[in-house]
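Chemist: just a sequence and a predicted model for now, questions to come.
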Amino acid sequence: MIITLFNALLIVLITWLAYLYFDLREKAMPAHERYSKLIRGVASIVDCIEGYDKKHSREIAELAERIGMASGLQPEQLQSLSAAAMLHDIGELLLPRDLVKSGKKLEGDDLELLRTHTLLGELHLKAQIEELDEVPSLIRWHHERWDGLGYPDNLKGEEIPVAARIIALADAISAMNARRDYRKRQYSGHEDIIAEVKRLSGMQFDPQLVKNWVSIGCPVESGKK
Amino acid sequence: MTFRLQSAWLLEAVADISTVDSVFFPFIHRFSALNWLSRRDFSLSVNAYSASQAMLLRAWLDGRNGAFSDRNLQKFNQQIKNPLDLSLNPFRAWKDRLFDRQQLDYLFYWREAAFEIEEETQREIFWSAVYQIMSCWLSNRVCEMPVECRPDEMMGLMLNRHAEFIKGREAKISICNSSLEELPAEKTCLTVFPLIFGDEENAEITLQVVFDAWQNGHDDIEQAKRQMRVQLRKYQIDFSKPDDHYLINRLSANSKVAALIWSGLDLPPALYEQELVRPLQNSLSTRYQKSRLLMKAVDRTCDAYDYLLLFY
């Protein structure tokens, strides 16, 4: 009798816990999706203002996610990676338009000013949206280089969080795949980009991430080889 | 010895307390960490912990030395077409342990070539480029990633990168050559201590050990490692001696503000507060009246935060 009563209580308890779990999941999932959609929306506005002809930020985010998954990032890290990749250039909105959209290669004070977009992006996001956790830090470091010669903090190697290293790689691949007026060298095709990324392994890029990128077939765009 | 010096964050935090007109680093882990600060409108002093670190700091951060000349580049960065005699190479014991055969040939050739460069500042730039190349080779080796860039091409790239790095730089940095006794003569406004804990081994330490051995012309990594440990030990924070902050007290004696920075990993912030911040506050309470701890999240999945502890 006691055992039966105990079993009944156990069943009630398990049912209650299961109800709580599904109820919580139902509440939590849409919040997560809403967060992703909101970030995507903001990123598309940034792209629109920046004058990109396609979904630039989303492309980089998806490429970064693919490299992130190949590198064994956890779901929470992937979420931050994706958000930071989509918003990585948000600081550029706070700079003069003629500077950001200048067709030539910048030098001196102009270059220094353009480089502050990493700090501006971080500062602004941190001040406005506390819930973004480490996303502002990743935005700060998306122009750091593996060899310590990037900016703004000249972090080197594993001092740079892995998600920021992935964004730097995805951003560079995307830039190589796009046309930029000031670039001396144009990349004629996929093979050219692969060769350049491999050449810069250990200098600009984390060699392990380059290896992981190679292992998934060297994508240069989201979902395409 | 993994930590991130976030210079803009540091200055922003200090700006609330005092105007910064000079900054002193009793220790810095890596030359490029000072790049941003060395381009600001205040004087910057730094103690190098070894002769080779002082050389790297001079080569990359002192604007007076200029860039490596094209004439020297053509003269001292030749392509090696045939393998050199390995028995003559003093670093042959490193073959397949640290570098491959071709890389060893270049390390041998570059070291000999460097001694042929007449101007010392030019020689130091050349050596510092080898440091960066070694860093690239070693990190690719750890990941078993083949190096696609030819050594002489890489040297050209690095020297080009160096020229870009120093462009527009003025000579505002003063470097003390591995001397802890010499404090800057003028009053230091801000003293910054990057904190290091225990005998950590990481890629940067390995690189500095190998570079030191290479520059000194011997292949004994263990000896170079021992020397490095001795040089670094005096800067290390020892958790087993929570009251021993003599060095920090002494070196911040001339400063209005002292900033201690470190990057935490795999330990919750509360533990750092208990084991490090409170003992430091006790030790420095006679020198400074106030203190403030700031933190920044880097990666919450592994409790990675950057810390900034200010005394003023």
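Modeler: Happy to help now that I have it. Numbers count the residues shown, from 1 in each chain, chains lettered A, B, ... in the order given.
Chemist: interface residues of the stretch 51-200 of chain B facing chain A?
Modeler: B:132, B:135-137, B:139-140, B:142-149, B:154, B:157, B:161, B:165, B:167-168 (Cβ under 8 Å from any Cβ of the partner chain). Any C-beta I mention is one placed from the backbone N, CA and C, and that applies to glycine too.
Chemist: quickly note the distance from the residue most central in space within chain A to residue A:15.
Modeler: Geometric centre of chain A, nearest residue: residue A:85, 2.3 Å, by Cα atoms, centre = their mean. For residue A:85, the distance to residue A:15 (Cβ to Cβ, to the nearest Å) stands at 42 Å.
Chemist: look up how far residue B:217 lies from residue B:279.
Modeler: For residue B:279 relative to residue B:217 (Cβ to Cβ), the value is 43 Å.
Chemist: these two - which one has more neighbours?
Modeler: Taking neighbours as other Cβ atoms under 10 Å in any protein chain shown, residue B:279 and residue B:217 compare with residue B:279 leading, 17 against 11.
Chemist: surely the more buried one and residue B:245 touch.
Modeler: Yes. Between residue B:279 and residue B:245 there is a contact at 7.4 Å, judged by Cβ atoms under 8 Å.
Chemist: now do residue B:247 against chain A, distance only.
Modeler: Separation of residue B:247 from chain A (Cβ to the nearest Cβ, to the nearest Å) stands at 24 Å.
Chemist: you'd agree that residue is in a helix?
Modeler: Yes. Applying DSSP: H, G, I helix; E, B strand; the rest coil, one finds residue B:247 inside a helix.
Chemist: any weak-confidence spans in the stretch 201-312 of chain B?
Modeler: Residue ranges of the stretch 201-312 of chain B with pLDDT under 70: B:242.
Chemist: which ones are touching the residue in it that chain A sits nearest to?
Modeler: Chain A sits closest to residue B:297 of the stretch 201-312 of chain B, with a gap of 4.5 Å, by Cβ to the nearest Cβ. Residue B:297 is in contact with A:133, A:134, A:137, B:304, B:305, counting by Cβ atoms under 8 Å, 6 or more residues apart in numbering or on different chains.
Chemist: skipping its backbone neighbours, what lies nearest residue 146 in space?
Modeler: By default, I'm working from chain A. Leaving aside its chain neighbours, residue A:146 sits nearest to residue A:206 (5.0 Å; criterion: Cβ to Cβ, 6 or more residues apart in numbering or on different chains).
Chemist: other chain: chain B
Modeler: Using Cβ to Cβ, 6+ apart, the nearest residue to residue B:146 is residue B:140, at 7.3 Å.
Chemist: ok, how many other residues are close to the one you found?
Modeler: Counted with other Cβ under 10 Å, the neighbours of residue B:140 add up to 22.
Chemist: quick check: it touching residue A:206?
Modeler: No. Using Cβ under 8 Å, residue B:140 makes no contact with residue A:206, being 10.2 Å away.
Chemist: mind checking the end-to-end distance for stretch B:17-27?
Modeler: Stretch B:17-27 has an end-to-end distance of 23 Å (Cα to Cα, to the nearest Å).
Chemist: mean confidence for that stretch?
Modeler: Mean per-residue pLDDT for stretch B:17-27: 91.
Chemist: need the contact list for residue B:56.
Modeler: By Cβ under 8 Å, 6+ apart, the residues touching residue B:56 are B:31, B:128, B:131.
Chemist: which of those ranks first by neighbour count?
Modeler: residue B:31 (25 neighbours).
Chemist: what pLDDT does the model give it?
Modeler: 93.
Chemist: can you tell me the closest non-neighbouring residue to it?
Modeler: With Cβ to Cβ, 6+ apart, the residue lying closest to residue B:31 is residue B:56, at 4.5 Å.
Chemist: in which helix or strand does that neighbour reside?
Modeler: Element membership for residue B:56 (DSSP states H and E) is helix B:51-61.
Chemist: now tell me what touches whichever helix or strand comes after that helix from outside.
Modeler: As assigned by DSSP H and E, the chain's next helix or strand after helix B:51-61 is helix B:70-76. Here helix B:70-76 makes contact (Cβ under 8 Å, 6+ apart) with B:110, B:113, B:114, B:116, B:117, B:122, B:126, B:156, B:159.
Chemist: of these, which belong to helices?
Modeler: Among the contacts of helix B:70-76, the members found in helices (DSSP state H) are B:110, B:113, B:114, B:116, B:122, B:126, B:156, B:159.
Chemist: the residue of the stretch 201-312 of chain B closest to chain A should be in a strand, yeah?
Modeler: Yes. Secondary structure of residue B:297 (three-state DSSP): part of a strand.
Chemist: look up how far residue A:80 lies from it.
Modeler: 10 Å.
Chemist: residue B:254 falls within a helix, correct?
Modeler: No. The assignment for residue B:254 is coil, going by three-state DSSP, so no helix is present there.
Chemist: with pLDDT, distance to residue A:159 and neighbour count as extra columns, can I get the ones in helices among the contacts of helix B:70-76 in TSV?
Modeler: Shown next, in TSV, are these (pLDDT from 0 to 100; distance: Cβ to Cβ, whole Å; neighbours: other Cβ atoms under 10 Å in any protein chain shown):
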residue	pLDDT	distance to residue A:159	neighbour count
B:110	96	27	21
B:113	95	32	18
B:114	95	29	18
B:116	96	35	11
B:122	97	30	21
B:126	97	26	25
B:156	96	27	16
B:159	97	24	21
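Chemist: farthest-separated two in those residues?
Modeler: Among the ones in helices among the contacts of helix B:70-76, the pair separated by the greatest distance (Cβ to Cβ) is B:116 and B:156, at 18.0 Å.
Chemist: on that earlier part again, would you format the ones in helices among the contacts of helix B:70-76 as CSV with distance to residue A:162 included?
Modeler: Converted to CSV, the ones in helices among the contacts of helix B:70-76 look like this (distance: Cβ to Cβ, whole Å):
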residue, distance to residue A:162
B:110, 32
B:113, 37
B:114, 36
B:116, 42
B:122, 38
B:126, 33
B:156, 30
B:159, 30
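Chemist: closest one of the residues you listed to residue A:178?
Modeler: Of those, the one sitting nearest to residue A:178 (Cβ to Cβ) turns out to be residue B:156, at 26.4 Å.
Chemist: follow-up on the earlier one: could you give the average pLDDT over the helix holding residue B:56?
Modeler: In the prediction, helix B:51-61 has an average pLDDT of 93.
Chemist: and what of stretch A:69-89?
Modeler: For stretch A:69-89, the per-residue pLDDT averages 93.
Chemist: what residues of it count as buried?
Modeler: By neighbour count on 16 or more other Cβ atoms under 10 Å in any protein chain shown, the buried set for stretch A:69-89 is A:70-71, A:73, A:77-89.
Chemist: just the residues you listed: which are in helices?
Modeler: A:70, A:77, A:78, A:79, A:80, A:81, A:82, A:83, A:84, A:85, A:86, A:87.
Chemist: so who does the fourth one touch?
Modeler: This means residue A:79. A:32, A:36.
Chemist: distance of it from residue A:133?
Modeler: The gap separating residue A:79 from residue A:133 is 9 Å, by Cβ to Cβ.
Chemist: contacts for stretch A:63-70, please.
Modeler: With contact meaning Cβ under 8 Å, 6+ apart, stretch A:63-70 is reached by A:77-78, A:81-82, A:85, A:163, A:166-167, A:169-170, A:173-174, A:209, A:212-213, A:215-216, A:219-222.
Chemist: thanks a lot, catch you later.
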